[in-house]
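# Curious how this folds, go ahead:
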Amino acid sequence: MFGYIRISKGELKVKEYELYRGVYCSLCKVLGKNYGLVSRFTLNYDFTFLCLLNMSLKDGCDKFTKKGCTFNPLKKCQFCDNTEALEMPSAAAMIMSYYKLLDNIEDEKGIKKFGYLILKPFLKSANKKAKKKYPYIEEIVAQYISKQAELEKSDCKEIDRVADPTAIALSKLLMLCSEDSTQKRVLERLGYCLGRYVYILDAFCDLEEDIKKGRYNVLKSKPKTEVCEYIKSQIYFCINESTKAFELLDIKKYKSVLGNIIYLGLEDTAIKELENERSL
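So this is what the prediction gives:
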């Protein structure tokens, strides 16, 4: 996952933003506790969303307590006292980050590759712990990476096919947030649409660098003048379908924050990334 499932900060109330930050900081703490200090650097917004969604489908209230931050002892952060709902997302974050690291090692050269190789032993150990706790998640990610690599090696030019592994992986991860069969089907659809959104937006953002470095990118086959409008239509389709699925979920709490992400954050992030690339 790539950090594109974000809030629209300006549209959140102060208490809603504090809640979001509290979940973000709680995930950071759980990562550190379970998988070591280095794992905290793998933290991103996509897994904060997964935590928030997993928490929102569970009954009961979540108590947050102010405690000192590991990285800034002078700062007090809100941490969730009950971290059970954060265990699965933290393992998913760890496993996904390890496989992403392996992909980076394969793609990069020089000093960047050397840096990734230094990190590898730490993330490998953390991945082993996460895999032991959640073997099914490791299986999901391994299948996704294998299928993605296969499509890229064949120089696949069909965006629907090449976005499919990411979409399927995220759909399976979101399905873990509920035991209810009806909710699982809804989560599967939501995850699939969000996965396509993430893959397509990431491919667009990486296009210039991939062209320079001679790396695979499904968008390289499209005329540059058409890429932006094509991506916009694809992304808005994903957002609209995500919205429809989200409205079918039985959200028990934090609906306003999750709604901010789905209704506003996805579009805001896409527009920002599209405008950044246009200005290059």
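
# use CA for all of it now, contacts and neighbours both
OK.

# Okay, buried residues for the helix or strand Glu267 falls within please.
Mapping Glu267 onto the secondary structure by DSSP states H and E places it in helix 266-278. Neighbour counts over helix 266-278 (16 or more other Cα atoms under 10 Å) mark 266-270, 273-274 as buried.

# Show me what that helix is packed against.
helix 181-213, helix 224-246 (3 or more Cα pairs under 8 Å, 6 or more residues apart in numbering; DSSP states H and E).

# just the strands in the protein please.
64-68, 76-80 (DSSP state E).

# Using TSV, lay out these together with mean pLDDT.
Shown next, in TSV, are the strands of the chain (pLDDT from 0 to 100):
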stretch	mean pLDDT
strand 64-68	87
strand 76-80	87
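
# Distance to Leu207 and mean neighbour count added to those strands, as a markdown table?
Putting those into a markdown table (distance: least, Cα to Cα, whole Å; neighbours: other Cα atoms under 10 Å) gives the following:
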| stretch | distance to Leu207 | mean neighbour count |
| --- | --- | --- |
| strand 64-68 | 40 | 13 |
| strand 76-80 | 37 | 21 |
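
# Look up the closest residue to Tyr263, ignoring the ones flanking it.
In this structure, Tyr263 finds its nearest non-sequential neighbour in Thr243, 6.7 Å apart by Cα to Cα, 6 or more residues apart in numbering.

# Distance of that neighbour relative to Pro89?
Distance, Thr243 to Pro89, by Cα to Cα, to the nearest Å: 22 Å.

# Look at these two and report which has more neighbours.
Pro89 (28 against 17; other Cα atoms under 10 Å).

# Go ahead and confirm that one touches Phe47.
Yes: using Cα atoms under 8 Å, Pro89 is in contact with Phe47, at 6.2 Å.

# Where does pLDDT dip in the protein?
Scanning the chain for pLDDT under 70 picks out 1, 277-280.

# Report the central residue of it.
Asp46 (3.0 Å; Cα atoms, centre = their mean).

# How much space separates that one from Thr182?
From Asp46 to Thr182 the distance is 23 Å (Cα to Cα).

# what do you get for Phe114?
The separation that Phe114 has from Thr182, given Cα to Cα, amounts to 47 Å.

# Let me see the contact set for the closest residue to Ala245 other than its chain neighbours.
Closest residue to Ala245 apart from its sequence neighbours, by Cα to Cα, 6+ apart: Leu190 at 5.3 Å. By Cα atoms under 8 Å, 6 or more residues apart in numbering, the residues touching Leu190 are 171, 174, 241-242, 245-246.

# Could you rerun that using 10 Å?
Counting by Cα atoms under 10 Å, 6 or more residues apart in numbering, Leu190 makes contact with 167, 170-171, 174-175, 184, 238-239, 241-249.

# for Lys13, same thing?
Going by Cα under 10 Å, 6+ apart, Lys13 touches 19, 256-257.

# Repeat that for Lys109.
Lys213.

# phi, psi of it?
phi -140, psi 170 (degrees, to the nearest 10).

# How much space separates it from Phe2?
Lys109 is 21 Å from Phe2, by Cα to Cα.

# buried set for stretch 161-175?
Judged by neighbour count (16+ other Cα under 10 Å), stretch 161-175 contains these buried residues: 162-175.

# now stretch 201-213
201-207, 210.

# Check stretch 96-103 too.
Within stretch 96-103, the residues that qualify as buried are 96-102, counting by 16+ other Cα under 10 Å.

# Could you give the separation of that stretch from the chain centroid?
13 Å (Cα atoms, centre = their mean, to the nearest Å).

# Export that stretch to PDB, keeping only CA atoms.
Output of stretch 96-103 as PDB, limited to C-alpha atoms (Å, rounded to 0.1, in the frame of the first residue of the first chain):
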ATOM      1  CA  MET A  96       3.300  -5.500   2.900                       C
ATOM      2  CA  SER A  97       6.300  -3.200   3.800                       C
ATOM      3  CA  TYR A  98       8.700  -6.200   3.700                       C
ATOM      4  CA  TYR A  99       7.500  -7.300   0.300                       C
ATOM      5  CA  LYS A 100       7.700  -3.600  -0.900                       C
ATOM      6  CA  LEU A 101      11.300  -3.500   0.300                       C
ATOM      7  CA  LEU A 102      12.100  -6.600  -1.800                       C
ATOM      8  CA  ASP A 103      10.600  -5.000  -4.800                       C
END
